[in-house]
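Trainee: Sequence unavailable; structure follows:
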């Protein structure tokens, strides 16, 4: 079966589309294309993400993103010369604008919640593809945190019958999947380690007044010293003391966190270098604490292009072989989009998509909501 996966993550870089062929246990990447969000769309998403807003803005973006996702699929097919009709299915993650996987007190109840926007009905109607969306909700209903959901893809793509591995995703948020050699699904451990690129990107955007959204190649961090006291304060965040399963996001390490750093008055270049070290140390600590017998790290996500971050990870993890998913035939920028293609496939095969050991759910459940095409 040929399946498309659409992903737009917490970094708000844009829309990633991956197309894969799935034959039994064989997963073959066919194409990948990424389309940056227009600046106005990126700003609009930030304007409704964990902030005061208006329901009209959310509703309009919900339908606009559905249009943009459909256009991204069609554009990927056109650029890669893949007939749209050769695709049987589409998995659409949507754009997360709020995620609170741990229950909080709300109107007399304990409530966990998540919200991804980007209407799957629009996507299905514009592409003619059976579209599966809303993957996180059922896991939360089953007592899970709704994240991370990529571990199933990590398991399917990188499990080895003898060698233990850690799949590391360096997106806006960083997360790891620990895959012991020969592991069964229920032996996988996965969780968000903390921020990946999110804090770095927010500070770079401030420094450049929006002209840049990332520290390209880690150049700023490479030439600027780290502020040790600020780093120690950042690493003292209570999140890092929590035991997995756990998840975090823009609500903890987004604009408010970056604004707090900027309010210290330290030069933004210093804060960028410190945030880079913050990510490296928090990831390294998580892997050292929970990596078990694994000695291979397979990194993916936008952070693999930050040379300063990757260098510091290797220096903090000298006992591990740190490579990228490209060495295993998976484009590091495409892995999350591939993951949602695989989750859509699991849905139509009537197989659970969550790993309770990763999300904390009471049981394995079918993930997704179906928007079929008649």
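Mentor: Looks like it arrived, so ask away. The structure displayed is predicted, hence computed values, not measured ones. Numbers count the residues shown, from 1 in each chain.
Trainee: just checking, what packs against whichever strand or helix holds residue 103?
Mentor: Residue 103 belongs to strand 89-106 when assigned by DSSP states H and E. Contacts defined by 3 or more CB pairs under 8 Å, 6 or more residues apart in numbering; DSSP states H and E place strand 89-106 against strand 2-8, helix 39-48, helix 55-80, strand 109-117, helix 120-127, strand 130-133, helix 250-253, helix 335-348. C-beta: built from backbone N, CA, C; applies to glycine.
Trainee: so which of those comes closest to residue 14?
Mentor: Nearest of these to residue 14, taken as CB to CB: strand 2-8 at 6.7 Å.
Trainee: which parts of the next helix or strand after the closest one are buried?
Mentor: Note on strand 2-8: by DSSP H and E, the next helix or strand toward the C-terminus is strand 14-23. Neighbour counts over strand 14-23 (16 or more other CB atoms under 10 Å) mark 14, 15, 16, 17, 18, 19, 20, 22 as buried.
Trainee: Tell me how far the fifth one lies from residue 248.
Mentor: I take that to be residue 18. Distance of residue 18 to residue 248, given as CB to CB, to the nearest Å: 25 Å.
Trainee: cool, and the fourth one?
Mentor: The gap separating residue 17 from residue 248 is 26 Å, by CB to CB.
Trainee: One more: the second one?
Mentor: Note on residue 15: its distance to residue 248, by CB to CB, is 23 Å.
Trainee: now the third one
Mentor: From residue 16 across to residue 248, the span is 21 Å (CB to CB).
Trainee: what distance separates the start and the end of stretch 109-127?
Mentor: End-to-end span of stretch 109-127 (CA to CA, to the nearest Å): 40 Å.
Trainee: Off-centre distance for it?
Mentor: 16 Å (CA atoms, centre = their mean, to the nearest Å).
Trainee: Same question for stretch 301-312.
Mentor: For stretch 301-312, the separation from the chain centroid amounts to 15 Å (computed by CA atoms, centre = their mean).
Trainee: For that stretch, buried residues please.
Mentor: Neighbour-count burial for stretch 301-312 [16+ other CB under 10 Å]: 301, 302, 303, 304, 305, 306, 308, 309, 310, 311, 312.
Trainee: Would you map out the domains in the protein?
Mentor: 2-148+334-371, 151-328 (automatic domain parsing).
Trainee: can you redo the ones you listed as TSV with mean pLDDT?
Mentor: Compiled in TSV, the domains of the chain are given as follows (pLDDT from 0 to 100):
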stretch	mean pLDDT
domain 2-148+334-371	96
domain 151-328	95
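Trainee: In contact with the closest residue to residue 164 other than its chain neighbours, which residues?
Mentor: Closest residue to residue 164 apart from its sequence neighbours, by CB to CB, 6 or more residues apart in numbering: residue 294 at 3.5 Å. Residues counted as contacts of residue 294 (CB atoms under 8 Å, 6 or more residues apart in numbering) are 164, 165, 166, 178, 179, 180, 320.
Trainee: Same check on residue 167?
Mentor: 150, 151, 154, 157, 158, 176, 177, 179, 298, 300, 325.
Trainee: cutoff 6 Å now
Mentor: 154, 158, 177, 298 (CB atoms under 6 Å, 6 or more residues apart in numbering).
Trainee: Confirm that the last one sits in a strand.
Mentor: Yes. With DSSP: H, G, I helix; E, B strand; the rest coil as the criterion, residue 298 is located in a strand.
Trainee: All the helices of the stretch 251-374 of the chain, in order from the start?
Mentor: Ranges of helices in the stretch 251-374 of the chain, per DSSP state H, counting those that start in this stretch, are 255-262, 268-290, 307-316, 335-348, 356-359.
Trainee: how many other residues sit next to the residue nearest to residue 344 when sequence neighbours are not counted?
Mentor: Leaving aside its chain neighbours, residue 344 sits nearest to residue 91 (2.9 Å; criterion: CB to CB, 6+ apart). For residue 91, the count of nearby residues is 32 (other CB atoms under 10 Å).
Trainee: my guess is residue 91 meets residue 346, correct?
Mentor: No. Using CB atoms under 6 Å, residue 91 makes no contact with residue 346, being 9.2 Å away.
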